[in-house]
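*Asks:* Return atomic coordinates for the entry below.
(2 chains)
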Amino acid sequence: MKKQTFRVVDMSCSNCAMKLESLEDSLEGVKEINASYHKLTMVVEYDESLLTEEQIVDAVKRKGYTAVPA
Amino acid sequence: MSNNKTKPIDPVVIVTLGVLFVAIAFALIAFQPESNSIDIAADSGTLTQLMVAFVTGLTTGGLSCLAVQGGLLASSLAHQIEQDFAAQATHGRKSKQPASRTNSALPITLFLIAKLVAYTLLGALLGWLGSFLTLSPMTRAMLMIFIGIFMVGNALRMFNVHPIFRYFSIEPPKFITRTIRRTAKGTDAATPIFLGLLTVFIPCGVTQAMMATALGTGSAMIGALLMFAFTLGTSPVFFIVAYLTTELGARLEKFFMRFVAVVVLILGFVTLDGGLNLMGSPLSLQNLTRGWFAPSSGSAPIAAPAASDGSLILNVENNGYFPAILRAPAGKALTLNLVTENTRSCSRDFVIPALNYYQLLPETGTVQVTIPAQPAGSKLFFTCSMGMYTGQIVFE
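*Replies:* Numbers count the residues shown, from 1 in each chain, chains lettered A, B, ... in the order given. Below you'll find the model as predicted:
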């Protein structure tokens, strides 16, 4: 399991964080996502053998946001 | 995609129009000045508050709710609509008869009704809680200032002025967002009802501001009515967008977020100003600008001098206090006669903050207030309990 923090600077409200956390349900290999609008960050705990950092960035992009590994 | 040339009227459109008409009907019935059907309607101050809440919901609230709740909640409902469309297309190909779309409109309607009920109950709860805080006009003033700062902070957050303003947005606990998210996957009739109820935990910025206002009313009844009017106002926009899927929601979010921020900013400053009025602060906009107009100016409020016996007469009318400026000799006590005649607005809730005087005046009659001697050059501000209508006594 790997824990990676991403900066998501285009979050505009606390519900954006909720939208990002919903990737928990759709992205295979993700154990937990903790997104914070206050900090504009998203901490993803995931299985490296099932998921890559690029795939997470792509999934975030599909949600309408830009994630940059911190 | 089906390409039927003659489409029957979509039930979703019918229900949308229905919600819109109910909203308009509510506005017409509840907000007519002569209405005596609801006690609350008799108070034009509360009436104004409800109207502002309804219009805020219809415009900024609907869009703001759409921006924060639409993405998740409306998409789950829209998903059902899409499924219905797919089922309809399949059914149409087999039977050449359009399938019923009742299932598409129903979840959205149930969702909105549940949301309306939940927010009305929340308004009642907040108003009831607020009743413990409204012990004095000063407490109410402090609450209004707090609400005003909260609203201004939220507006500045929406403008992205500084990262610090992000802390004006309340982040719901993760277990709540997770529950909402997982519930949204359901497709039975209870799901949209439950989702509608759960939206109280993910209020948008404007809703949060309205919740704070409900707290400030200090009345379960007015708090409930306020949130009902606001949520009812949000319903048409929310309904249409739930139908038109989240694509439109994303576009609206981009286009209207600044508009929402401007309105919240204005409402925030108005609330803040009301709080300052209620504190008797000379720094409120009304008290500051009143001084800018010379009494000799034709458009200025008339300044009435005291009578020979040292008494003053102040007419308390539905739209304020007349004259707004009274003049009195310094250094001696005087009697202020507050005259009401069919006065039913919040101007009846008369407050002199500096004297810690608060009195609910009769609808018609005269109430006398003894004003102790004041130094020359000083001003004694008076206001209604909502900080809307103001005036002052100038001692010279």
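
*Asks:* now whatever residue of the stretch 201-350 of chain B ends up closest to chain A: how far from residue A:28?
*Replies:* Using Cβ to the nearest Cβ, the single residue of the stretch 201-350 of chain B nearest to chain A is residue B:202, 6.0 Å away. Just so you know, the C-beta spots here come from the backbone N, C-alpha and C atoms, and that holds for glycine as well. Counting by Cβ to Cβ, to the nearest Å, the gap from residue B:202 to residue A:28 is 26 Å.

*Asks:* So if I had to pick from these two, which one is more boxed in?
*Replies:* Between residue B:202 and residue A:28, counted using other Cβ atoms under 10 Å in any protein chain shown, the more crowded position is residue B:202 (22 against 9).

*Asks:* Remind me which helix or strand the residue of chain A found nearest chain B belongs to.
*Replies:* As assessed by Cβ to the nearest Cβ, chain B sits closest to residue A:15 within chain A, at 3.9 Å. Of the helices and strands defined by DSSP states H and E, residue A:15 is found in helix A:14-21.

*Asks:* Mind giving me the packing neighbours of that helix?
*Replies:* Packing partners of helix A:14-21 (3 or more Cβ pairs under 8 Å, 6 or more residues apart in numbering or on different chains; DSSP states H and E): strand A:30-36, helix B:174-183.

*Asks:* Do me a favour and average the pLDDT over the next helix or strand after the last one.
*Replies:* This points to helix B:174-183. The C-terminal neighbour of helix B:174-183 among helices and strands, as given by DSSP H and E, is helix B:190-198. Average pLDDT, helix B:190-198: 73.

*Asks:* Using CSV, write out the CA atom coordinates for helix B:190-198.
*Replies:* Extracted C-alpha coordinates of helix B:190-198, given in CSV (Å, rounded to 0.1, in the frame of the first residue of the first chain):
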residue,chain,number,x,y,z
ALA,B,190,-36.7,5.2,-0.5
THR,B,191,-33.3,6.3,-1.9
PRO,B,192,-34.2,9.7,-3.2
ILE,B,193,-36.2,10.4,0.0
PHE,B,194,-33.2,9.5,2.1
LEU,B,195,-30.9,11.5,-0.1
GLY,B,196,-33.1,14.5,0.1
LEU,B,197,-33.1,14.3,3.9
LEU,B,198,-29.3,13.9,4.0
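
*Asks:* From the contact counts, what lies against it?
*Replies:* Under the contact definition 3+ Cβ pairs under 8 Å, 6+ apart, helix B:190-198 sits against helix B:75-95, helix B:102-131, helix B:174-183.

*Asks:* ok, 7 Å please
*Replies:* Counting contacts by 3 or more Cβ pairs under 7 Å, 6 or more residues apart in numbering or on different chains; DSSP states H and E, helix B:190-198 is packed against helix B:102-131, helix B:174-183.

*Asks:* Does the helix or strand following it pack against any helices or strands, and if so which?
*Replies:* As assigned by DSSP H and E, the chain's next helix or strand after helix B:190-198 is helix B:205-217. If contacts are counted by 3+ Cβ pairs under 7 Å, 6+ apart, helix B:205-217 sits against helix B:44-56, helix B:62-65, helix B:102-131, helix B:137-158, helix B:220-243, helix B:245-279.

*Asks:* and the angle from helix B:205-217 to helix B:44-56?
*Replies:* Per axes from the mean of the first three to the mean of the last three Cα atoms, to 10 degrees, the angle that helix B:205-217 makes with helix B:44-56 is 170 degrees.

*Asks:* what's in contact with helix B:205-217?
*Replies:* By Cβ atoms under 7 Å, 6 or more residues apart in numbering or on different chains, the residues outside helix B:205-217 that reach it are A:13, B:53, B:56, B:60-61, B:64-65, B:122-123, B:126-127, B:129-130, B:140, B:143-144, B:147, B:150-151, B:154, B:158, B:169-170, B:203, B:223, B:226-227, B:230, B:260, B:264, B:267.
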